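# only geometry, no sequence info:
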């Protein structure tokens, strides 16, 4: 009994020690004096929460050039945990970093929590011309304020197995009607093969496709939010995919499962509607098929007015707790618009830069996985120019979660009508949540 | 308990004569025991009591936003009264998750305890061969974390990568996918069963080992067969540990989280509110509504306490009757 108590106490103590260690490990180095910004010669220390791989190498270039503004990258697990941590720090009143890597869809949530500083009075506001309009809109939320500097985007394109298309004598689909016909042909030739899958797990993927069709799920009307999920563009996209799933020509299983990886590798998934960062995923999940894929523009609803959506992407924001707004804004501007920095971002972190000119000059050679397609980045670059505007609201997390649950049911049922129900349920859940919290909703 | 108040022993009597009795009394009756208890009390307060109290406080609060909710001061935390409790108790998703978990428990607990008892009795029987090996083999899955075992089983369930489905196809059969909505409860039960049988078996086996062997010898002399010994002697004697394992299993069932959460991204059949704890997790971390999550947690904790209490009340007399 005594020994067991002692052992138990030791375990509890060890756990307590680990907990406190965890806490202190999470707290960033305290920001220095507030007067630092006033005196340009005084050394400023900035902390930066980010999760992009190798970002510290890009930051090192800055640190060498700017001995007075030293930036320390504090590596995060990913977009969601970083935001949760930041919101906690905001609530606590201290502990936030100076800069944070923020995904576009998180910006309204962060602004609503008063976690981000307004950069519109800093040099960062002069970078507007660097970015496509749709991207700029998502960091201003359509207002005069500027909440973040765009870093990378995920313009969507259509990846397909060029060898399979050739064997079946299929042309690359330019419209969604052609895509449906190609899906039928692929499935008819091999009942186990599909041109794609409808994934209930990937809300960002569906958002990108709705965006292409002209949807913008939230909007600001005076001092009220509007939620526009259950409208024509999204209904059109959901109905289209519901029809394909109902006919059985498109798979209904989620992406990013062992099953899906295997299907990519064995040629049972013949295409993938994905974003500019797709080559990395394909190389990792379907390495055996290198050189057999090609990228093409997304199939279109209206071939005369090409459009595309965005899946993923993030920006660099300055937090409301930063005492060095100007220095942080200066760094964020450099990181995302300076030619050398953008080039380094491309080579070190493998992102697709939001900066249009930077993307063009930095991305010349196709990724290794697509070495068979020298004009890879031309296809992606053209797509990036066609990304429409999309406004995110303050409860994207709720809407995305509703997407997961509602479309999982719909995909399972394989009924077109269930896909349309899922859209209206998503609208309902999103509006109810806003109203419950007290937001004015039109 | 390990920490009993120390009784004043001979040392107290030989204390310095000049010291007044009252101070001595204070030291031995209050100072010493409480200073020894202090670490335990502090840990309990910091890591158990404080979080529970804080959860209670949170559960009576809510976030209040005005207008667009953008900019300074547009969001505040206000007293919510019982709002969170009312909305969590009337939430159809919560009711649905409770019903799902009840079904899961009704399938899982009898199977788990039945197998554990069977294995424990087999290991304890006189004719067992390779007992040590079997015991370790049955117990080993308990050492695998639930997330890892769910990933492993997830691979085995997915028809596209599962060796079982592959073999069945080679024989011209098409197995149903265990991740289909009507079978997914069994898929989760199976993972819990695989991981949990070993632990329960060890608990039962240990109490079987504590039974004095004279009883068995007497039974044998009276012409009792192995099966009769098991049914009439062993099971009644280890009834207290059966009650304990049943209680643990019930609590674990109500708290099922890791298995369905890990399997969810693999298929369309599990929602993010499949079990009550998944609902709490979703509210707290996906929807950033820690207040509703706190209220639901309190409801779950209270229900768990109530069920455990009732269960013990009902079975205690029967199981522990002969001890008192």
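Thanks, I have it. Computed from a predicted structure; not experimentally measured. Residues are numbered from 1 along each chain as shown, chains lettered A, B, ... in the order given.

# Closest residue of the stretch 101-250 of chain B to chain A?
Ranked by Cβ to the nearest Cβ, the top residue of the stretch 101-250 of chain B for proximity to chain A is residue B:160, at 3.6 Å. For the C-beta atoms, the positions are set from N, CA and C on the backbone; glycine is no exception.

# residues in contact with that residue?
Residues in contact with residue B:160, defined by Cβ atoms under 8 Å, 6 or more residues apart in numbering or on different chains, are A:258-260, A:262-263, A:268.

# Could I get those in CSV, plus columns for neighbour count?
Shown next, in CSV, are the contacts of residue B:160 (neighbours: other Cβ atoms under 10 Å in any protein chain shown):
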residue, neighbour count
A:258, 16
A:259, 26
A:260, 25
A:262, 16
A:263, 24
A:268, 17
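
# For chain B, tell me which of those show up nearby.
Counting by Cβ under 8 Å from any Cβ of the partner chain, A:258-260, A:262-263, A:268 from these sit close to chain B.

# quick one: the strands in the chain?
All of this is about chain A. Remark: strands assigned in chain A by DSSP state E are A:44-50, A:69-75, A:99-103, A:149-161, A:218-221, A:224-227, A:271-275, A:293-297, A:310-318.

# wrong one, chain B
For chain B, the strands defined by DSSP E cover B:61-65, B:75-79.

# leaving aside the residues next to it on the chain, what's closest to the residue with the shortest distance to the centre of chain B?
Ranked by distance to the mean C-alpha position of chain B (Cα atoms, centre = their mean), the top residue is residue B:252 at 2.9 Å. Computed as Cβ to Cβ, 6 or more residues apart in numbering or on different chains, the closest residue to residue B:252 that is not its neighbour in sequence is residue B:196, at 7.2 Å.

# residues contacting the nearest residue to residue A:56 once chain neighbours are set aside?
In space, and not counting its chain neighbours, residue A:56 is closest to residue A:73: 4.3 Å by Cβ to Cβ, 6+ apart. Residues in contact with residue A:73, defined by Cβ under 8 Å, 6+ apart, are A:48, A:50, A:55-56, A:59.

# Show the pLDDT at the residue most central in space within chain A.
Of all residues in chain A, the one closest to the mean position by Cα atoms, centre = their mean is residue A:312, 1.8 Å from it. Residue A:312 carries a pLDDT value of 87.

# so how far is chain B from the residue nearest to it when sequence neighbours are not counted?
Excluding its sequence neighbours, the residue lying closest to residue A:312 (Cβ to Cβ, 6+ apart) is residue A:154, at 3.7 Å. Shown here: residue A:154 relative to chain B, a distance of 20 Å by Cβ to the nearest Cβ, to the nearest Å.

# Can you get me a residue count around residue A:74?
19 (other Cβ atoms under 10 Å in any protein chain shown).

# Pull up the residues of the stretch 51-200 of chain B that are close to chain A.
B:62-75, B:154-155, B:158-161, B:181.

# can you put the strands of chain A in a markdown table and add distance to residue A:335?
Listed next are these as a markdown table, based on distance: least, Cβ to Cβ, whole Å:
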| stretch | distance to residue A:335 |
| --- | --- |
| strand A:44-50 | 9 |
| strand A:69-75 | 9 |
| strand A:99-103 | 9 |
| strand A:149-161 | 7 |
| strand A:218-221 | 28 |
| strand A:224-227 | 31 |
| strand A:271-275 | 21 |
| strand A:293-297 | 27 |
| strand A:310-318 | 6 |
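
# Tell me the residues of the stretch 301-442 of chain A that contact chain B?
A:394-395, A:397-398, A:401, A:404-405, A:408-409, A:411-412, A:433, A:437-440.

# Tell me where the model's unsure across chain A.
Within chain A, the ranges that satisfy pLDDT under 70 run A:1-41.

# shouldn't residue B:193 be in contact with residue B:109?
No - Residue B:193 is beyond contact range of residue B:109, at 10.0 Å (criterion: Cβ atoms under 8 Å).

# Please identify which of these two sits among more neighbours.
Remark: of residue B:193 and residue B:109, residue B:109 carries more neighbours, 21 against 18, as counted by other Cβ under 10 Å.

# Relative to residue B:260, which of the strands of chain B is closest?
strand B:61-65 (27.9 Å; Cβ to Cβ).

# Could you find the closest non-adjacent residue to the residue of the stretch 151-300 of chain A found nearest chain B?
Using Cβ to the nearest Cβ, the closest approach of the stretch 151-300 of chain A to chain B is made by residue A:259 at 3.6 Å. Nearest non-adjacent residue to residue A:259, counting by Cβ to Cβ, 6+ apart: residue B:160, 3.6 Å away.

# where does the one you found land on pLDDT?
86.

# Return the distance of it relative to residue A:283.
Applying Cβ to Cβ, to the nearest Å, the value for residue B:160 to residue A:283 is 21 Å.
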